[in-house]
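J.: can't give you the sequence, but here's the structure:
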């Protein structure tokens, strides 16, 4: 029997707070309260040594069901395709034209937030439609 109770998904990025706030908008997540003793995250960051200020940020599912997303600053930029990505399940239970229209509507919302639409994959004999996208720092994800 496993002892794992929760999963956190970690993103390497250049600007943790910016990317976290993007994903809050995408998923309806929220920024958790700052650590005890701090009124705001800015207050917390100012308490850190300069090299650590803004080095990470997180967001959480307000329902407590989804995984915590953690964003950590790394010095190198993204150079290759992600080996793991998120599927944003906007079209669950929908098929055909209704599914595609729903995905395209969500794609437009995310593009307005700074995402990039990479490719629309239309339904075939085996798979329903999905849309390949990139977040504001180029990390791939799918609207599914």
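T.: Happy to help now that I have it. This is a predicted model, so every value here is computed, not measured.
J.: May I have the secondary structure class of the spatially most central residue of the chain?
T.: Most central in the chain under C-alpha atoms, centre = their mean is residue 23, positioned 3.8 Å from the mean C-alpha point. With DSSP: H, G, I helix; E, B strand; the rest coil as the basis, residue 23 sits in helix.
J.: I figured it hits residue 29, correct?
T.: Yes: with contact defined as C-beta atoms under 8 Å, residue 23 counts as touching residue 29 (6.3 Å). Any C-beta I mention is one placed from the backbone N, CA and C, and that applies to glycine too.
J.: Could you tell me which residues touch both of these two?
T.: Counting by C-beta atoms under 8 Å, 6 or more residues apart in numbering, the shared contacts of residue 23 and residue 29 are 59, 69.
J.: who touches residue 8 in this structure?
T.: With C-beta under 8 Å, 6+ apart, residue 8 has these contacts: 67, 68, 69, 70.
J.: right, and the first one touches residue 9 too?
T.: Yes: the criterion here is C-beta under 8 Å, and residue 67 meets it with residue 9 at 5.2 Å.
J.: Right, I'll leave it there.
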